[in-house]
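> Sequence plus the predicted model coming up.
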Number of protein chains: 2
Amino acid sequence: MKNQEETWKLFEQNPLTHSAAHYLITIHELLQEQGYARLTDIAKKLDITRGSASISIKTLKKKNLIIEDHNKFLKLSAEGKKLATSIEKNDQLLVAFFKEILLVKPEQAEIDACKIEHLLSPETAAKLQQFVQLITGNNPLAKKFLSTVHKQHLPAKKPASKS
Amino acid sequence: MKNQEETWKLFEQNPLTHSAAHYLITIHELLQEQGYARLTDIAKKLDITRGSASISIKTLKKKNLIIEDHNKFLKLSAEGKKLATSIEKNDQLLVAFFKEILLVKPEQAEIDACKIEHLLSPETAAKLQQFVQLITGNNPLAKKFLSTVHKQHLPAKKPASKS
DNA sequence: AAAATTTGTTTGACATAGCAAACAAAAAAG
DNA sequence: CTTTTTTGTTTGCTATGTCAAACAAATTTT
């Protein structure tokens, strides 16, 4: 009884909000894609106004997740990079699980993964990773089992009974 | 490219926020436990002030998810009930998956499930459900596979080599 | 060099979601 | 039938996260 009624508040204690997570990921991607990330690039990629970006980035700088250059170029702190990387990994992991194992439609798999990626605890992420690796690996038992899963997942059309 | 940069905004379009979801679930539980749900009962269960509850419940009434009695007793609308039920199911499903299949520690499994439960799409939830049912069911192949999973998941202690 | 554009900040607004504190009305206790 | 307690609302505050619009500074075009 205590459990459910206390657990729910931990949502707010998450290390990052969905919004903050995407600022970090976007900077990470921009740095890889073009070597630098300015406020305007981020705003464009996230499809928000520069004003919104300015304010959000200010707080992420205060929290030491983003660092600003002498020329207003933005980088991730060690902590920021760690968080961005782990969320990106979670996203890939979830997409793989949803698409390849559950056979969720690609579009939907990505939407769900995106909503959840920043909320997975390290423990759960690690264990899901092991699970996905095993079930999609070369283990013959895993292969057989996965094919059974996929057979039952695709039964939509029953072959027109005995009409 | 377009994909990631547009998907992230769908978080806000989710049918319910985490907070709203827990108001609905709490009312649902109170109705089952004691047959009625007053604002104070909800505030107590969620461990928030009556003032906060009053304001949040007002907006949930406007959204037609909560209905108020002539005596200020609260009920769920059809829509509210549907949402509460589906989130509760998602929670149980996720807890089962995390605990029984991934062997995540119970405490953590519940925290993760609680953060995610309102974000799973119906498609993904349905497919996860089928998957969990199959893998924890009586199918011998599933049993064998699950035991393989659990063997690799518990390798922490290697039996003190040949000391 | 002047004009135009781009970049980043600030301001005022709105929505969600919480708090504390003051208050009114209803219910329970004396 | 008063007094006390409980219940629910309102008010003023905080914080996040978005917008539009106005603006200053820097960069680019012409």
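Right, received. Where do you want to start?
> residues in contact with stretch A:129-142?
Residues outside stretch A:129-142 that contact it (CB atoms under 8 Å, 6 or more residues apart in numbering or on different chains): A:93, A:96-97, A:100-101, A:145-146, B:101-102, B:141, B:144-145, B:148-149, B:152-153. The C-beta positions use only the backbone N, C-alpha and C, and glycine is treated the same way.
> Check stretch A:40-56 too.
Residues from elsewhere that reach stretch A:40-56 (CB under 8 Å, 6+ apart): A:19-20, A:22-23, A:26-27, A:29-30, A:34, A:39, A:57, A:74, B:5-6, B:8-9.
> Let me know the helix or strand that the closest residue to DNA strand C within chain A is in.
For chain A, the residue closest to DNA strand C is residue A:51, as judged by CB to the nearest atom of the strand, at 2.6 Å. Applying DSSP states H and E as the criterion places residue A:51 in helix A:50-62.
> Please apply the same query to residue A:75.
Judged by DSSP H and E, residue A:75 forms part of strand A:74-76.
> partner strands of that strand, parallel or antiparallel?
Looking at strand A:74-76 with DSSP bridges, its partner strands are strand A:66-68 (antiparallel).
> Quick one: mean pLDDT for the strand holding residue A:75?
For strand A:74-76, the mean per-residue pLDDT is 97.
> in whichever helix or strand comes after that strand, what counts as buried?
Reading on from strand A:74-76 to the C-terminus, the next helix or strand found by DSSP H and E is helix A:78-96. Within helix A:78-96, the residues that count as buried by 16 or more other CB atoms under 10 Å in any protein chain shown are A:80-81, A:83-84, A:86-88, A:90-91, A:93-96.
> repeat for stretch A:99-118
A:99, A:101-104, A:108-118.
> Quick one: mark the members of those that sit in helices.
Cross-referencing the buried residues of stretch A:99-118 against helices under DSSP state H gives A:108-116.
> can you narrow the residues you listed to ones near chain B?
Contacts with chain B within those, as defined by CB under 8 Å from any CB of the partner chain: A:108-112, A:114-116.
> farthest-separated two in those?
For those, the maximum inter-member distance is 12.3 Å, found between A:108 and A:116 (CB to CB).
> Which neighbours do the two have in common?
By CB under 8 Å, 6+ apart, no residue touches both residue A:108 and residue A:116.
> what's the following helix or strand after the helix or strand bottoming out on mean pLDDT in chain A?
Sorting the helices and strands of chain A by mean pLDDT, DSSP states H and E puts helix A:2-7 at the bottom, at a mean of 64. Counting by DSSP H and E, the next helix or strand C-terminal to helix A:2-7 is helix A:18-34.
> Quick check: the closest residue to residue A:6 other than its chain neighbours vs residue A:8, distance?
Among residues not flanking residue A:6 along the chain, residue B:47 sits closest, at 7.0 Å (CB to CB, 6 or more residues apart in numbering or on different chains). Remark: distance between residue B:47 and residue A:8 (CB to CB, to the nearest Å) = 9 Å.
> So if I had to pick from the two, which one is more boxed in?
Per other CB atoms under 10 Å in any protein chain shown, whichever of residue B:47 and residue A:8 has more neighbours is residue A:8, with 22 against 10.
> chain center to whichever strand or helix holds residue A:133, what's the gap?
Per DSSP H and E: residue A:133 is located in helix A:122-135. Taking CA atoms, centre = their mean, to the nearest Å, the mean C-alpha location of helix A:122-135 is offset from the chain mean by 14 Å.
> State the next helix or strand along the chain beyond that helix.
Next along from helix A:122-135, by DSSP H and E: helix A:140-153.
> which other residues reach stretch A:6-24?
A:42, A:46, A:53, A:56-57, A:60, A:65-66, A:76, A:80, A:83-84, A:87, A:115, A:117-119, B:8, B:11, B:18-19, B:22, B:46-47, B:110-111, B:114-115.
> which residues of chain A score low on pLDDT?
A:1-5, A:153-163 (pLDDT under 70).
> Name the residues of it found near DNA strand D, please.
A:17-20, A:47-52, A:55-56, A:59 (CB under 7 Å from any atom of the strand).
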